[in-house]
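A.B. asks: have a look at this fold, sequence not included:
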């Protein structure tokens, strides 16, 4: 391994560690805050804000993952590139806010909930506030300087939590979530300004924007499709079922998504800039992709399997029986989220400039999912979620064709990489699930399931000699050595 590869590995490892600290720490705090808010706010009030999730998420995607993805992929970025993207993002965020402001009555009419008009118009301010720091964060990502981004995420989470809890205690209901989100975004934007000493110039190059847009437009459309897909359940449940049903669904999916955001989300944010650096070396890119895929699945799948098995005592202990109807949603969301770590393969495609392929895959996969969802809509909420799982299996094998074509990663290699991890995780889940039938206190039940589950998984990893197990052990040993990077 030459010096450049060694430095890249050290930077990527250090970046991943800091990203895990950031995501893990912030997600833990967010989870604690959400538990407190769940006791202060009713499922219906959660559902009211949840109705707007897809619209706010789409707006954030356009600003946070539009042109900035081209900045990350571009090898020789200039000061003019950064300034141009900053001003275009800012102006476009104002345009988006105006659109959201104007269509707020239409959205309220769609859901038959007039309170959404004022909530929509206030919470949409997040789009403008967030746009101000998108380039600052991009600079950190390109440099793999995730240590500094830690403070950005932490300030957002702490501010969100404090404002949300205070307002929730004062009886602000759904508005406590609105103002908390705006305050959190403002705090992270201010922190970005303090940690990244960069200011935009007053110059804009439309030629530079056009060249970057040719690449980023495909990624943007892919992200939009993914966002719609990830929030399609909330959209449909909010439209065809009650707000309480939406509150139960969103509370159930929040726990597994918290895990995915903290772990797989951290890996994904480090992978794309890292893959972009080695985009010209296909064999090295494939090796890095395979390792990242196995590590991500090795960590994520047992956690999701454990959440599936412990869903009942976990919900009843943390949220009380007021949220008992969230249990089946949590379990089904665990299965759906198990497909998320496979996005490492798409990051590799994007890194070699095949954003058109990822867009095509996204369109195909999401179309299949939507077809199944609308077929099963008359059968109820659970049928919709089961149909999503089935569609995910079909989409998985379609994507394997394109990954093999451009990265030369065959289906046989893919199955060989993931099958041992899947079998071990499912076996662990199957064993600890039966503790739910024991007539013992909930806390004791959850503790036994957690301890025995961890022992089974680690012991199985040692017996099967899983590569990811030993790689993570080696990585943990090197943490003190990587602190200086």
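C.D. replies: Good, I have the coordinates. Predicted model only: the values in this text are computed from it and were never measured.

A.B. asks: list the contacts of residue 90.
C.D. replies: Taking CB atoms under 8 Å, 6 or more residues apart in numbering as the criterion, residue 90 is in contact with 128, 131, 132. Backbone N, C-alpha and C define where each C-beta goes, glycine included.

A.B. asks: for the last one, give me its contacts.
C.D. replies: By CB under 8 Å, 6+ apart, the contact set of residue 132 is 90, 189.

A.B. asks: one more: the first one?
C.D. replies: In this structure, residue 128 makes contact with 90, 93, 94, 97, judged by CB under 8 Å, 6+ apart.

A.B. asks: could you check the pLDDT of it?
C.D. replies: Model confidence at residue 128, given as pLDDT, is 89.

A.B. asks: tell me which element it is part of?
C.D. replies: Here residue 128 sits within helix 125-131, counting by DSSP states H and E.

A.B. asks: what element comes up after that helix heading to the C-terminus?
C.D. replies: Per DSSP H and E, the first helix or strand lying C-terminal to helix 125-131 is helix 134-142.

A.B. asks: thinking again about what came up before, lowest-confidence member of the contacts of residue 128, which is it?
C.D. replies: Note: of the contacts of residue 128, the lowest pLDDT belongs to residue 93, at 84.

A.B. asks: right, and that one touches residue 127 too?
C.D. replies: Yes - because the distance of 4.9 Å satisfies CB atoms under 8 Å, residue 93 is recorded as touching residue 127.

A.B. asks: re earlier: dump the contacts of residue 90 into a markdown table; add distance to residue 416 as well.
C.D. replies: What follows is the contacts of residue 90, written out as a markdown table (distance: CB to CB, whole Å):
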| residue | distance to residue 416 |
| --- | --- |
| 128 | 48 |
| 131 | 44 |
| 132 | 46 |
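
A.B. asks: so where do the helices sit in the stretch 51-200 of the chain?
C.D. replies: Across the stretch 51-200 of the chain, reading from the start of the chain, the helices by DSSP state H, counting those that start in this stretch fall at 53-64, 67-73, 79-111, 116-123, 125-131, 134-142, 146-169, 174-195.

A.B. asks: to residue 43, which of these lies closest?
C.D. replies: When the helices of the stretch 51-200 of the chain are compared for distance to residue 43 using CB to CB, the nearest one is helix 174-195, at 11.4 Å.

A.B. asks: check which residues of that closest one are buried.
C.D. replies: With burial defined by 16 or more other CB atoms under 10 Å, the residues of helix 174-195 counted as buried are 174-192, 195.

A.B. asks: go on, stretch 316-326?
C.D. replies: Judged by neighbour count using 16+ other CB under 10 Å, the buried positions of stretch 316-326 are 316, 318, 319, 323, 325, 326.

A.B. asks: from residue 89, how far out is residue 136?
C.D. replies: Note on residue 136: its distance to residue 89, by CB to CB, to the nearest Å, is 11 Å.

A.B. asks: cool, and residue 435?
C.D. replies: Counting by CB to CB, the gap from residue 435 to residue 89 is 50 Å.

A.B. asks: and if you look at residue 231?
C.D. replies: 22 Å.

A.B. asks: which of the two has more neighbours?
C.D. replies: Set residue 231 next to residue 89 and count neighbours by other CB atoms under 10 Å: residue 89 wins out with 23 against 19.

A.B. asks: ok, now which ones touch residue 365?
C.D. replies: Shown here is residue 365, whose contacts under the criterion CB under 8 Å, 6+ apart are 229, 391, 395, 398, 399.

A.B. asks: let's have those in JSON lines, adding secondary structure and pLDDT.
C.D. replies: Rendered in JSON lines, the data for the contacts of residue 365 read as follows (DSSP: H, G, I helix; E, B strand; the rest coil; pLDDT from 0 to 100):
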{"residue": "229", "secondary structure": "helix", "pLDDT": "69"}
{"residue": "391", "secondary structure": "helix", "pLDDT": "87"}
{"residue": "395", "secondary structure": "helix", "pLDDT": "84"}
{"residue": "398", "secondary structure": "helix", "pLDDT": "86"}
{"residue": "399", "secondary structure": "helix", "pLDDT": "83"}
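
A.B. asks: export those to a markdown table and tack on distance to residue 166 and neighbour count?
C.D. replies: Shown next, in a markdown table, are those (distance: CB to CB, whole Å; neighbours: other CB atoms under 10 Å):
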| residue | distance to residue 166 | neighbour count |
| --- | --- | --- |
| 229 | 35 | 20 |
| 391 | 42 | 21 |
| 395 | 43 | 21 |
| 398 | 48 | 12 |
| 399 | 45 | 21 |
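
A.B. asks: circling back to that earlier point, scan the contacts of residue 128 and report the most crowded one.
C.D. replies: So for the contacts of residue 128 (other CB under 10 Å), the most neighbours sit at residue 93, 24 neighbours.

A.B. asks: can you tell me how far it is from residue 325?
C.D. replies: Relative to residue 325, residue 93 is positioned 37 Å away (criterion: CB to CB).

A.B. asks: and if you look at residue 174?
C.D. replies: Residue 174 sits at a distance of 19 Å from residue 325 (criterion: CB to CB).

A.B. asks: residue 416 now?
C.D. replies: Using CB to CB, residue 416 is found at 40 Å from residue 325.

A.B. asks: got it, and residue 32?
C.D. replies: If you go by CB to CB, the gap between residue 32 and residue 325 works out to 22 Å.

A.B. asks: and for residue 167?
C.D. replies: Distance of residue 167 to residue 325, computed by CB to CB: 26 Å.

A.B. asks: now swap in residue 183 and tell me
C.D. replies: Taken as CB to CB, the spacing of residue 183 relative to residue 325 amounts to 30 Å.
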